[in-house]
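[1] A structural model of the following input is requested.
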Amino acid sequence: MSQASRELIVATSNPGKLREIRGLLGELPVELRGLERVPGLVLPEEGDDYAVNAAAKALAVARAAGCLALADDSGLEVAGLGGAPGPRSARFGGPGLNDLDRVRALLAALAGATGAARAARFVCVFALATPQGRVVTTRGECRGRILEASRGTGGFGYDPIFVAAGMQVSFAELSEAEKSRLSHRGNAVRALIPELRRVVEGTLV
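    Residues are numbered from 1 along each chain as shown. As a prediction, this is how the structure comes out:
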C-alpha cells in the first residue's frame, strides 16, 4: 500500500475538531492531516444541507491533494428557534464572530424560553471521498437541551451550553472520551469506520 493511500486529510482548520477525529480514528492505519496539507485551497461555499456541504468539501480536498479526504458538516438545531441555526451554526450571529460570541448570540435569541423550547440536537454528517470521486456519507445525532448559561471549559463551539439527554453536565464539562462516546460527531465517525477500513485495505475504490 502506498503512503498516499494511507494518508487521510480532514477538511478542517479547527484544532479541537481535528483532535476529536484523531481520537476516534486512532485504531486505523492512516496518517491524519489537516488542511495545512493543501495550502491555499478554498473550500466550496456552504449551503443548507449537511450531506451536500460535507461531500463537496471532501471531494474538493481529495482531488486537490490526490488522496483520501474526510469532511463533516455539523450543526445545532434548537426547537425554540425553529431548528436554527442548523447547517449555518458556524455563521450564526453574523460574520467575524468567535465561538464565545456565537454562544452569547444563541443564548440571547433564547432569552426567556423554557421547557420544550430549549430542546435541541447536534447533527453531523461525515463524507469520505477518494480522488476518483467516490463519496460515502454517514450521519450522527445527539439530542439534549440548551442551558441558560455556559458551563465548562472543554470542547469547542456550542459545547458549553449543550447537555445531552440523560446527562447533567455540558459537553464542555465532559472528558474527550466521554464526549466522543455521546456526540453526534462520534456517532457519525463510528458509522464511517467500516467504509474507511475498506478503502484503506484497498477493497473499495
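
[2] Can you give the contact residues for stretch 176-191?
    17, 19-21, 23-25, 72, 74, 121-126, 138-142, 154-155, 159, 164, 167, 171, 174 (Cβ atoms under 8 Å, 6 or more residues apart in numbering). The way it works is simple: take the backbone N, C-alpha and C, and place the C-beta from them, glycine included.

[3] Would you mind checking those residues for buried ones?
    Among these, those classed as buried by 16 or more other Cβ atoms under 10 Å are 17, 20-21, 24-25, 72, 74, 121-126, 138-140, 142, 155, 159, 164, 167, 171, 174.

[4] taking those one by one, which sit in helices?
    Mapping those onto helices (DSSP state H) picks out 17, 20, 21, 24.

[5] Out of those, which comes closest to residue 48?
    Within these, the smallest distance to residue 48 is 20.6 Å, found for residue 17 (Cβ to Cβ).

[6] ok, now how distant is that closest one from residue 155?
    According to Cβ to Cβ, to the nearest Å, residue 17 stands 10 Å off from residue 155.

[7] again, but for residue 161
    Separation of residue 161 from residue 155 (Cβ to Cβ) stands at 11 Å.

[8] Check the secondary structure at residue 52 for me.
    The three-state label for residue 52, taken from DSSP: H, G, I helix; E, B strand; the rest coil, comes out as helix.

[9] ok, it - how many residues close by?
    By other Cβ atoms under 10 Å, the residues close to residue 52 number 17.

[10] repeat for residue 112
    Here the count is done by other Cβ under 10 Å, and residue 112 has 7 residues near it.

[11] Please settle this for me: is it part of a strand?
    No: counting by three-state DSSP, residue 112 is not part of a strand but coil.

[12] residue ranges for the helices of this structure, please.
    Using DSSP H, the helices of the chain run over 3-6, 15-24, 50-65, 99-109, 176-182, 184-200.

[13] Can you point out the buried residues in the last one?
    Going back to what we said before, that points to helix 184-200. For helix 184-200, the neighbour count (16+ other Cβ under 10 Å) marks 184, 185, 186, 187, 188, 189, 190, 192, 195, 196, 199, 200 as buried.

[14] possible to save those as CSV with distance to residue 52 and pLDDT?
    Shown next, in CSV, are these (distance: Cβ to Cβ, whole Å; pLDDT from 0 to 100):
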residue, distance to residue 52, pLDDT
184, 17, 94
185, 18, 91
186, 22, 90
187, 20, 93
188, 15, 94
189, 19, 91
190, 22, 91
192, 17, 91
195, 19, 86
196, 21, 86
199, 21, 78
200, 25, 73
